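Student: Predicted model and sequence follow; I will ask about them next.
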Amino acid sequence: MKLSRRNFISKSAFATIGSILAFNKLSAKETNKLSKTTRKSKPIVLSTWNHGIEANEAAWEILKNKGKAIDAVEKGVMVTEADPDNASVGIGGFPDRDGNVTLDACIMDETGNAGSVSFLQHIVHPISVARLVMDKTPHVMLSGTGAFQFALENGFEKTDLLTDKAKKAWEKWKVKSKYEPVINIENHDTIGLVALDANGDLSGACTTSGLAFKMHGRVGDSPIIGAGMYVDNEVGAAVATGMGELVMKTLGSFLIVEFMRNGMSPQEACEKAIDRIKQKLPDYKNFQIGYLALNKQGEAGAYSIHKGFNYAQYDKKGNKLIDAGHLLKG
């Protein structure tokens, strides 16, 4: 039987319509499957290093009651900032080479709003000052004496951040130290924390006292949006920890979110960002960098240059510490 042009077009049209309907049916199933996965994964909070366990506990108290991710990330890292035994965040942080404890922090919410402070002294909770910069000013970053003045004007108290423990460590370091721009490779365990709330919104926070015994005035990646931390509510969020100079040179957190935007999982994106450091920075083996990422579906990923980076994850199954994969073996 000869197939006329009219019959051919008619049959093709019906076939096309059938294919579209079948595709739509499949898409609906996949969409429903994805939404179920997302629902199972919400809320969730991730934070860097073992002190993230305690930070996650505070964040989870907000998330489990359907609170906002932005409030959870702030409250979470405040726990670490207030711990005098932590040598790299908030009060108790090791000072710079001149004996001054200087703090950096940033925060970002689901709308793209962000706030940060750098080179802030005498304030226990730089993350909360950064939150106020975001909420109350037209700016993103305040620094040094300006950030300190802003904090005092908004009710924060001046506090001596140099504890006896940190002072003794600084005095011991001074015995053999030389005042020159040599970058230390230890004591850089920033806390970065990202969260996805029950509403499906993402936020992130990052706070640190920076490298121990750094040059006076040094600022790392932690207060820089897109370096130490970045959030895009359509895609995901990422935070960095380790030698900030390497992160700044590659804008690691922003890079990870963009990798996720282009279809990578959080794990793949973290690994690719570490690979970018490997490709671009010849001395990368001398330093540690750890990345942690969370996407809109509640999937997590983490990766580092050297062995030893871990992160805390709190979801409906509980709070646990997880060892991240790493580039260099042995």
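Tutor: Looks like it came in fine.

Student: residue ranges with poor pLDDT in the stretch 1-150 of the chain?
Tutor: Along the stretch 1-150 of the chain, segments meeting pLDDT under 70 span 1-40.

Student: mind listing the strands for it?
Tutor: In the stretch 1-150 of the chain, the segments counted as strands under DSSP state E, counting those that start in this stretch are 44-48, 103-108, 114-120, 141-143.

Student: and those, which is most packed in?
Tutor: strand 103-108 (a mean of 32; mean count of other C-beta atoms under 10 Å). (Each C-beta comes from the backbone N, C-alpha and C, glycine too.)

Student: Just give the strands next to that strand in its sheet, each with its orientation.
Tutor: Sheet partners assigned to strand 103-108 using DSSP bridges are listed as strand 114-120 (antiparallel), strand 202-208 (antiparallel).

Student: want to try CSV for these, with distance to Ala273 as columns?
Tutor: Output for the strands paired with strand 103-108, formatted as CSV (distance: least, C-beta to C-beta, whole Å):
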stretch, distance to Ala273
strand 114-120, 20
strand 202-208, 15
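
Student: ok, back up a step: need the strands of the stretch 1-150 of the chain in a markdown table with distance to Glu153, can you?
Tutor: Below are the strands of the stretch 1-150 of the chain laid out as a markdown table (distance: least, C-beta to C-beta, whole Å):
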| stretch | distance to Glu153 |
| --- | --- |
| strand 44-48 | 30 |
| strand 103-108 | 18 |
| strand 114-120 | 13 |
| strand 141-143 | 11 |
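
Student: Out of those, which gets nearest to Leu161?
Tutor: For Leu161, the closest of the strands of the stretch 1-150 of the chain is strand 103-108, at 7.5 Å, according to C-beta to C-beta.

Student: and the closest one, how far out from the chain's middle?
Tutor: 10 Å (C-alpha atoms, centre = their mean, to the nearest Å).

Student: Quick check, central residue of this structure?
Tutor: Val239 (2.1 Å; C-alpha atoms, centre = their mean).

Student: which helices and strands sit right next to the helix or strand containing it?
Tutor: Element membership for Val239 (DSSP states H and E) is strand 236-242. Counting contacts by 3 or more C-beta pairs under 8 Å, 6 or more residues apart in numbering; DSSP states H and E, strand 236-242 packs against strand 191-196, strand 202-208, strand 229-232, helix 252-261, helix 266-280, strand 289-295.

Student: at 7 Å instead, please
Tutor: Secondary-structure packing of strand 236-242 (3 or more C-beta pairs under 7 Å, 6 or more residues apart in numbering; DSSP states H and E): strand 191-196, strand 202-208, strand 229-232, helix 252-261, strand 289-295.

Student: now the ones you listed as JSON lines including mean pLDDT?
Tutor: Formatted as JSON lines, the helices and strands packed on strand 236-242 follow (pLDDT from 0 to 100):
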{"stretch": "strand 191-196", "mean pLDDT": "98"}
{"stretch": "strand 202-208", "mean pLDDT": "98"}
{"stretch": "strand 229-232", "mean pLDDT": "98"}
{"stretch": "helix 252-261", "mean pLDDT": "98"}
{"stretch": "strand 289-295", "mean pLDDT": "97"}
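
Student: if we can go back for a sec, what is the residue lying closest to the residue nearest to the centre of the chain once chain neighbours are set aside paired to in the beta sheet?
Tutor: Distances taken as C-beta to C-beta, 6 or more residues apart in numbering place Gly192 nearest to Val239, at 2.8 Å, with adjacent residues excluded. Judged by DSSP bridges, the bridge partners of Gly192 are Cys206.

Student: I figured Gly192 hits Tyr291, correct?
Tutor: No - judged on C-beta atoms under 7 Å, Gly192 makes no contact with Tyr291 at a distance of 9.1 Å.

Student: intersection of neighbour lists for the two?
Tutor: Applying C-beta atoms under 7 Å, 6 or more residues apart in numbering, one finds that Gly192 and Tyr291 are jointly contacted by Ala240.
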